[in-house]
Every structure is written in structure tokens, then in C-alpha cells.
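[1] structural data only, the sequence is not supplied:
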């Protein structure tokens, strides 16, 4: 990377969200590719401040993968590609033995040597502290003063069964503006058959409740309100009933039930003519559609009309225009870069969302259009079942002016 990074044109910010569960299932094949693509993104955008929010760190079995997690973190902190990032903060939730606390979230923050003045908020002391050196925190994040971490209350979980879902919030001050960065992982769709039953699905309602909880927590009265960026795996899905009705509009449906319980086991949609060819087969964990190209043509954007889960929050959360294909569920075969698995209907699960005031920071008139990029990483190679998503933009001097006088607290502590 060129060493001539300056903040003259504003402070370059790169936000990345990545569900990295797959990397720990097959570290030999996937991790090298993932890191190469990640480093290329960093080198092409050359941010001064880089935030990477990871979900499912350690994969399905954290205990078995801990050594892989350690080597992944070590590689990120010591790699040649990142050598100009002289300060770093890494927060890993490794408390896998505690069901009521474990979220498998990992938040990584890297600060370029040319960025002179950056402070991080201490939530216990309620003041900003200057960021120096590199630190990794992985023990009991609940008591770490530089962040807030919460798992959702148990009654928010479907059927009250614990899973690794929650959020981590940090607060930063650079130049003359301060903002919150929230790493989030919301609930998935457990069954394609249940998701299909009604519109919007029961799972969509569970995610809505959990996201509302996070927004209420980060804007409550305990701390001064700041612009916020919430980025992670929201598990947002297309409206299943509506998208299937559209994809199978001329098909007839056959219902197959289990002989023991008479519950629906699978739905088979066939063309009315054309030898009654199967268009879609739907089971609890099978979404086998005849033509995957519909999710790739024009980056799948014709399906965005069925991406509705954010509409409930339209006054509180904003997003730049999506121009990349659904981020999940990609094949985990290291030779497949563009194929989707036939387990779920492809959807934009991985997103970067922001408050109105954060959007104002991103969309300042001084920002040239081309300096703002919202896209995925590794579009042509296997990155695991989720493609990471990034937002690159610049914060121009004076962008946070309305708040500038409030942050005189950003002195070295």
C-alpha cells in the first residue's frame, strides 16, 4: 500500500461486515482466499479508519476452532498488508461456555498511522480516551469499559432456545465528529416451510422485535446520542410467500406430508404443462429452484421489491442503494464463487445501515459520488456461505460541526 495516505481530502472510512462461520469449518481452503480478497479491498480504498464486524467467529464449534480463531486474528494484526495500521482494537466474544452471554461476535478496528487524533469512548467513565497501540480483548466483554455487549433477552429467542445472537457497540471520535459502531447478529429462518406460511413471516417479526430492542438501547438516556452505523448479519430474508408466488406464478403445488404426524414435509411446484417439470422444491432446509440465474441477473435487484424487513424502520435506519447480489447462502465449495446453495432462498442478509445523522456524515455535499462505494467483497471467489459487504466513504473536515463543541471531552485522558 502506498505510504502517502493523507487526511487532506477527509478521513477515509471503511466499514465491513462478514459472517465468517465458514472460514473455521474449512480454514485451509477458505481463509487464504478470504484474507486475500479482504486485503485487496483495504488496499484499493486505503481507509484511515477500518472497522470489521464479524459474526459466527469460530464457526459452529468454537471450542474446537479456537486455535483457528487465534491464527486468524494474529494474521490480521501482523500481515504485511496491514502494517501501516499502527493502532488496533480487537474484541472477541470467546465466552462459549456461557449460554446466556455467548454471541460469537468479533469486532476489529484498525487505525492508519497517518490518522493523528482518534479517541474511543469509555462507557464506564463516560469519557473519550486516546487510542494508542494494539489491544485484543477476549475475556468477559461484559465488563470491558470500551464497549457495550448484550445478548438478546431469552424471551426474544424463537421458542426461547438460546443461540448466538446479540450486539456489540463501540463509540469513536475522530476529526470533529463522534459516532457509534454496532456489530449485530439477528435470528435466522429455521424452516423454509414455516417462512412460506404467511406474509410477513413469523421470523421477520422476531427480527423486527430484536432490531427494535437494539435501536432503543443505543439511543436511550444513559449516554449522549450520536450518529450510529449498525452493520452485521441481520438475517433479513425476502418475503418468502410473495417471492415464491412470483417465481412459481404458473405452477401447481403438490403437498407431501409425513406419514407419522401428517405434518407438511415438502412442497413441490410443477409447471402446468411442459411435462409437469418441477420448478421449485421446498423443504425445511431445502430451496431448490430451477433457475438460480434470477438471483444473479442484474445482481438480483429485480427481487429487491420483496426485501421488506427494513421498511418498518424507515424513519430510524437508512441504507445506500444495493447494487450487489444477495449475500447469502453461497456455496462453501472453494471452487465455486457465484453458486448459491439450495438450502435457502438467496437474500441480502449482510447489510450496513445508519441513522439519519450518520447518513448526513456519509452524504455530505463535498463527498464526490465516486468516493462512496457500497458493495460486496470477493464476488467471483468462494468467501464462505456469506459474501462480506463493505461501505467506503470519507468524512470531510467539519462534517460533524454541529456536534464539534460537544466533544471537547476528546482530550487525551
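    Looks like it came in fine. Values in this document were obtained by computation on a predicted structure and should not be read as measured data.
[2] pLDDT value on residue 27, please?
    Residue 27 is assigned a predicted lDDT (pLDDT) of 89.
[3] wait, it sits on residue 68?
    Yes. Residue 27 is in contact with residue 68 according to CB atoms under 8 Å; the separation is 4.8 Å. In this view, the C-beta of every residue, glycine as well, is placed from N, C-alpha and C.
[4] can you count the residues close to the residue nearest to residue 333 when sequence neighbours are not counted?
    Spatial nearest neighbour of residue 333, excluding adjacent residues (CB to CB, 6 or more residues apart in numbering): residue 382 at 6.5 Å. Residue 382: 24 surrounding residues under other CB atoms under 10 Å.
[5] go on, residue 45?
    If we define neighbours as other CB under 10 Å, then residue 45 has 18 of them.
[6] residue 299 now?
    Residue 299 has 17 neighbours, counted by other CB under 10 Å.
[7] residues in contact with it?
    322-325 (CB atoms under 8 Å, 6 or more residues apart in numbering).
[8] most neighbours, which of these?
    residue 325 (21 neighbours).
[9] quick one, helices of the stretch 251-400 of the chain?
    Secondary structure of the stretch 251-400 of the chain by DSSP state H, counting those that start in this stretch: the helices cover 356-362.
[10] tell me where the model's unsure across it.
    Where the stretch 251-400 of the chain drops to pLDDT under 70, the residues are 365-370, 397-400.
[11] on the pLDDT front, check residue 85 for me.
    Predicted confidence (pLDDT) for residue 85: 98.
[12] go on, residue 407?
    44.
[13] with residue 106 instead?
    For residue 106, the model assigns a pLDDT of 97.
[14] so what's it up against?
    With contacts defined as CB under 8 Å, 6+ apart, residue 106 is in contact with 20, 53-55, 57, 69, 90-93, 183.
[15] what does residue 393 give?
    Residue 393 makes contact with 12-13, 361-362, 367, 371-373 under the criterion CB under 8 Å, 6+ apart.
[16] show me what residue 167 bridges to in the sheet.
    With DSSP bridges as the criterion, residue 167 is bridged to residue 150, residue 184.
[17] that one contacts residue 214, doesn't it?
    Yes. Taking CB under 8 Å as the definition, residue 167 is a contact partner of residue 214 at 5.1 Å.
[18] got any residues that touch both of the two?
    Residues touching both residue 167 and residue 214 (CB under 8 Å, 6+ apart): 182, 184.
[19] looking at the two, which is more packed in?
    Set residue 167 next to residue 214 and count neighbours by other CB under 10 Å: residue 167 wins out with 25 against 20.
[20] for the more buried one, give me the pLDDT.
    pLDDT for residue 167: 97.
[21] who's in contact with the residue minimising distance to the centre of the chain?
    In the chain, the residue lying closest to the centroid (CA atoms, centre = their mean) is residue 232, at 2.1 Å. With CB under 8 Å, 6+ apart as the criterion, the residues that contact residue 232 are 17, 53, 55, 105, 167, 182-186, 350-351.
[22] do that again at 6 Å, thanks
    With contacts defined as CB atoms under 6 Å, 6 or more residues apart in numbering, the neighbours of residue 232 are 17, 53, 55, 183-185.
[23] please apply the same query to residue 81.
    Neighbours of residue 81 in contact, by CB under 6 Å, 6+ apart: residue 39.
[24] can you give me phi and psi for it?
    When quoted as degrees, to the nearest 10, the phi and psi of residue 81 stand at phi -60, psi -20.
[25] and the pLDDT at it?
    95.
[26] where is the longest helix in the chain?
    Ranked by residue count under DSSP state H, the longest helix found in the chain is helix 27-45.
[27] quick one: residues in contact with it.
    When contacts are defined by CB under 6 Å, 6+ apart, helix 27-45 is touched by residues 1, 14, 22-23, 68, 81, 334, 377-378, 381, 383-384, 392.
[28] okay if I get these as CSV plus distance to residue 290?
    Output for those, formatted as CSV (distance: CB to CB, whole Å):
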residue, distance to residue 290
1, 45
14, 38
22, 26
23, 31
68, 37
81, 42
334, 26
377, 29
378, 27
381, 26
383, 26
384, 25
392, 37
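[29] nearest to residue 137 among those residues?
    Among those, residue 68 lies closest to residue 137 (CB to CB), at 19.1 Å.
[30] any chance of the contacts of residue 299 in a markdown table, with distance to residue 250 too?
    Shown next, in a markdown table, are these (distance: CB to CB, whole Å):
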| residue | distance to residue 250 |
| --- | --- |
| 322 | 28 |
| 323 | 30 |
| 324 | 30 |
| 325 | 25 |
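[31] out of the residues you listed, which comes closest to residue 268?
    Distance to residue 268 across those (CB to CB) is lowest for residue 325, with 26.4 Å.
[32] do I have it right that that closest one meets residue 300?
    Yes. Applying CB atoms under 6 Å, one finds residue 325 in contact with residue 300, separated by 4.5 Å.
[33] low pLDDT regions in the stretch 51-200 of the chain?
    Scanning the stretch 51-200 of the chain for pLDDT under 70 picks out 160, 162.
[34] as a check, name the ranges of all helices in it.
    Under DSSP H, counting those that start in this stretch, the stretch 51-200 of the chain gives helices at 62-78, 192-197.
[35] what about the strands in the stretch 301-413 of the chain?
    In the stretch 301-413 of the chain, the segments counted as strands under DSSP state E, counting those that start in this stretch are 350-354, 373-376, 389-395.
[36] for residue 29, see how far away residue 39 is.
    17 Å (CB to CB, to the nearest Å).
[37] again with residue 19
    Remark: distance between residue 19 and residue 29 (CB to CB) = 17 Å.
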